[in-house]
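A.B. asks: Give me the fold of what follows.
(chains A and B)
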Amino acid sequence: MAAIELDGVSKRYGAVTALDDLSLTVDEGEVFGFLGPNGAGKSTAINVLLDFVQPDAGEVRLLGDPIRREESAPIRDRVGVLPEGFGVYGRLSGRKHLEFAVDSKAADQDPDELLERVGLTGDGGRPAGDYSRGMQQRLVLAMALVGEPDLLVLDEPSTGLDPNGARRMREVVREEAARGATVFFSSHILGQVEAVCDRVGIIRDGEMIAVDSVAGLREASGAESVLEIAVGGDPSAAALDAVRELGGVSEVRAAGDQVTVTLGGDVRKTAVLDALESAGVEVADFETRETSLEDLFTAYTGGGSGDRRADTDTDDDGGESR
Amino acid sequence: MNSALVVARKDFEDAIRSRGVLLVSAVFVALFVFGAYFFADQVSQAAQASAQSGGQQGGDPVDSDAFLRTLSSGVTLLVPIVAVVASYSAVIGERASGTLKLLLSLPHSRRDVVLGKLLGRGGVVAVPAVGGLLLSMLVFPLTSVALAPLNYVAFTALTALLGLVFVALSVGISAAASTGRRAVVGSVGSYLFLLVFWNRAADPIVGRLSDALSWEPATTVKASLTLKLLNPLGAYSSLVAALSAESTALARASVTGGIQLSRRAGIVQQIYAQRLTEEGIPFYLTDAAVLAYLLVWLAVSAVVGYAVFRRADL
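C.D. replies: From the prediction side, this is the model:
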């Protein structure tokens, strides 16, 4: 059974097509990243899943049950949601919010444990209106965890989170996935998705343009990773040539004490560093710039070489976007 | 716990933390308790004055029913305003702030939300009104004015019902509205329409129908009264009047002639009451029917508001 099935879902707002015959299946137990720029239809798709918005056409099933207007409350008993654009009850404390969620789901959980899981220990007694946006985000994430849901739908969960909060959020997603929950996760912060997702779907103009594993997408886009090495003094030409001779290295450039190596295939970074050092170059520091999903995203949506759409632009600028 | 009750409890807990609601509660309690005290004080002073001037005790002995009659016109104005202010943003406010997404992300249906709001805001209005009125009963044993407890409790129940009707009207409009501004205009507009224009429009309409259909005078009287009793404010006043009026006919006729009791209005009421007494009270002018009119307002407001809200995209 699939955790989420969208089958030919369309939604128009006046002249604007928000979703155009969108179909998507998310399997049980996977962590699925849903990517797209603003206005691509991400939120509309999630709003359709949650029965916030009625689609013009198509079928939606959550955990095997069809979503129909006003009949989805029993399904939402098994779903935890962090909606996009939510507000909190400014006068009610964080703990009250969680008590409300616990009562709503007839669950049996300690609000304080939930607060601890999202890093709000000690803040439960304060009115949620006094929370920062990041804290409100954590609070609603905690509400989504109430009742150990089979499916978590997190719409832009990293919004407003500091790096610490974002890390905590990733931990929670991993813990929930380990428990067996399916996690459906939308974001435009691609590093977040890359870090936790099994599969990624990219939506543009209301259509899915790619669904693949993170590794598969990277391969499909032909993207490469880049190694930036700070060296002690100008490296010799021989040292640079030694690196070039390594298999899978597609480009080596040097500028002052900075060496930039573009890695195409499965070259290990240590091989590059070893080659430099054995040629007498002192490696002071290095940094890897993995191909981010942003690069992939550009490759898919910007008409790059990795574009799998049938109607690939022929007059693109040919640039491997980087 | 039932889903609507969970929503209602959350809504009530949220609302009682707002200063506005505390203020309203204070106003209710102050109005009813001090109102009762000043009323009793005035009555006993008047009684002393007449005793000192050697005159005999004039008229009927005054009891708490007289206070309720005095209070009811103020309640007719105040309770609906409080209900409207407490409820106009009940649903649209949550829609605008995004908290509705939290509500509907949890296993609540939109029906649960409308019903929960009705109960929650109903509590916010009814609890201070009922509390204030029950508290004001305690004033009477301390004074020379006799307490008629059953009528007092009935008045309290009717006042709570009036509050609930206007809460339902506002919650319904709040659920149906797509913007906060529309909800305000709709709720306040409805109240003003019922308060100011309904009765003014009633007589010309009945007059035209009467002319066109050549009604008997008695039919015209019944039609006029029925139309005015279909107004929830009229239904409430007439039911309150029935608590202490000599006859149901007088209580029904009390809705005619406007809210301020001018001498002319009094005469019109006497004539209407007399006609009604001669004709007998039809079933649609009995206390039960008038109570039903109030309940229909409550139910229809909530159902229509829900029907629109059900179809809305957030």
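A.B. asks: just checking, A:Val172 touches A:Gly119?
C.D. replies: No: with contacts counted by C-beta atoms under 8 Å, A:Val172 stays clear of A:Gly119, the gap being 9.5 Å. C-beta: built from backbone N, CA, C; applies to glycine.
A.B. asks: neighbour-wise, which of the two wins?
C.D. replies: Set side by side, A:Val172 and A:Gly119 show unequal neighbour counts under other C-beta atoms under 10 Å in any protein chain shown, the larger going to A:Val172 at 23 against 20.
A.B. asks: How about the secondary structure of the more buried one?
C.D. replies: Using DSSP: H, G, I helix; E, B strand; the rest coil, the three-state assignment for A:Val172 comes out as helix.
A.B. asks: Check which helix or strand B:Leu291 maps to.
C.D. replies: Counting by DSSP states H and E, the secondary-structure element that holds B:Leu291 is helix B:287-311.
A.B. asks: for that helix, packing partners?
C.D. replies: Contacts of helix B:287-311 with other secondary structure elements, assessed using 3 or more C-beta pairs under 8 Å, 6 or more residues apart in numbering or on different chains; DSSP states H and E, are made with helix B:110-137, helix B:149-176, helix B:232-244, helix B:248-253.
A.B. asks: Switch those helices over to TSV; also include distance to A:Arg78.
C.D. replies: Putting the helices and strands packed on helix B:287-311 into TSV (distance: least, C-beta to C-beta, whole Å) gives the following:
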stretch	distance to A:Arg78
helix B:110-137	17
helix B:149-176	27
helix B:232-244	43
helix B:248-253	55
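A.B. asks: can you put these in CSV and add mean neighbour count, mean pLDDT and distance to A:Ser132?
C.D. replies: Formatted as CSV, the helices and strands packed on helix B:287-311 follow (neighbours: other C-beta atoms under 10 Å in any protein chain shown; pLDDT from 0 to 100; distance: least, C-beta to C-beta, whole Å):
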stretch, mean neighbour count, mean pLDDT, distance to A:Ser132
helix B:110-137, 23, 94, 28
helix B:149-176, 24, 96, 30
helix B:232-244, 24, 93, 46
helix B:248-253, 24, 89, 59
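A.B. asks: Let me have these in CSV, adding distance to chain A as columns.
C.D. replies: Putting the helices and strands packed on helix B:287-311 into CSV (distance: least, C-beta to the nearest C-beta, whole Å) gives the following:
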stretch, distance to chain A
helix B:110-137, 6
helix B:149-176, 13
helix B:232-244, 29
helix B:248-253, 41
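A.B. asks: What confidence value was assigned to B:Gln45?
C.D. replies: For B:Gln45, the model assigns a pLDDT of 84.
A.B. asks: roughly how far apart are it and chain A?
C.D. replies: Distance of B:Gln45 to chain A, given as C-beta to the nearest C-beta, to the nearest Å: 45 Å.
A.B. asks: Give me the buried positions along the helix or strand where that residue lies.
C.D. replies: Assigning secondary structure by DSSP H and E places B:Gln45 in helix B:19-52. Neighbour counts using 16 or more other C-beta atoms under 10 Å in any protein chain shown place B:21, B:24-25, B:28-29, B:31-33, B:35-36, B:39-40, B:43, B:47 of helix B:19-52 among the buried residues.
A.B. asks: Also stretch A:176-185?
C.D. replies: Neighbour-count burial for stretch A:176-185, with 16+ other C-beta under 10 Å as criterion, is recorded at A:176-177, A:181-185.
A.B. asks: for stretch B:220-235, same thing?
C.D. replies: Under the neighbour-count criterion of 16+ other C-beta under 10 Å, stretch B:220-235 has B:220-235 buried.
A.B. asks: what's the closest of those to A:Val26?
C.D. replies: Top of the list for closeness to A:Val26, among those and by C-beta to C-beta, is B:Pro232 at 50.8 Å.
A.B. asks: got the contact list for the closest one?
C.D. replies: B:162, B:165-166, B:194, B:293-294, B:297 (C-beta atoms under 8 Å, 6 or more residues apart in numbering or on different chains).
A.B. asks: Need these in CSV (columns: distance to B:Asp112).
C.D. replies: Putting the contacts of B:Pro232 into CSV (distance: C-beta to C-beta, whole Å) gives the following:
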residue, distance to B:Asp112
B:Leu162, 25
B:Val165, 21
B:Phe166, 22
B:Leu194, 28
B:Tyr293, 27
B:Leu294, 24
B:Trp297, 22
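A.B. asks: hmm, who's touching the helix or strand encompassing A:Val153?
C.D. replies: A:Val153 belongs to strand A:151-155 when assigned by DSSP H and E. Contact partners of strand A:151-155, identified using C-beta under 8 Å, 6+ apart, comprise A:3-4, A:42-43, A:46, A:49-50, A:62-63, A:78-84, A:141, A:144-145, A:173, A:176, A:181-186.
A.B. asks: ok, back up a step: which of the buried residues of helix B:19-52 lies at the shortest distance from chain A?
C.D. replies: Minimum distance to chain A across the buried residues of helix B:19-52 is 10.4 Å, recorded for B:Val21 (C-beta to the nearest C-beta).
A.B. asks: that older thread, among the contacts of strand A:151-155, which ones lie close to chain B?
C.D. replies: Near chain B, judged by C-beta under 8 Å from any C-beta of the partner chain, the entries from these are A:50, A:81, A:83, A:144.
A.B. asks: Is it correct that the third one is in contact with B:Thr99?
C.D. replies: No: using C-beta under 8 Å, A:Pro83 and B:Thr99 do not qualify as a contacting pair, with a distance of 10.2 Å.
A.B. asks: Sketch out the low-pLDDT regions of chain B for me.
C.D. replies: Applying pLDDT under 70 to chain B flags residues B:1, B:54-61, B:257-265.
A.B. asks: Would you mind giving the domain segments of the chain?
C.D. replies: All of this is about chain A. What the record gives for chain A is the domain set A:2-219, A:224-289, from automatic domain parsing.
A.B. asks: meant chain B, my bad for not saying
C.D. replies: Chain B breaks down into these structural domains: B:3-51+B:61-193+B:298-311, B:198-290 (assignment by automatic domain parsing).
A.B. asks: how distant is the shortest one from the center of its chain?
C.D. replies: This points to domain B:198-290. Offset of domain B:198-290 from its chain centre (C-alpha atoms, centre = their mean, to the nearest Å): 17 Å.
A.B. asks: start to end distance for it?
C.D. replies: End-to-end distance of domain B:198-290: 17 Å, with C-alpha to C-alpha, to the nearest Å as the criterion.
A.B. asks: Many thanks, have a good one.
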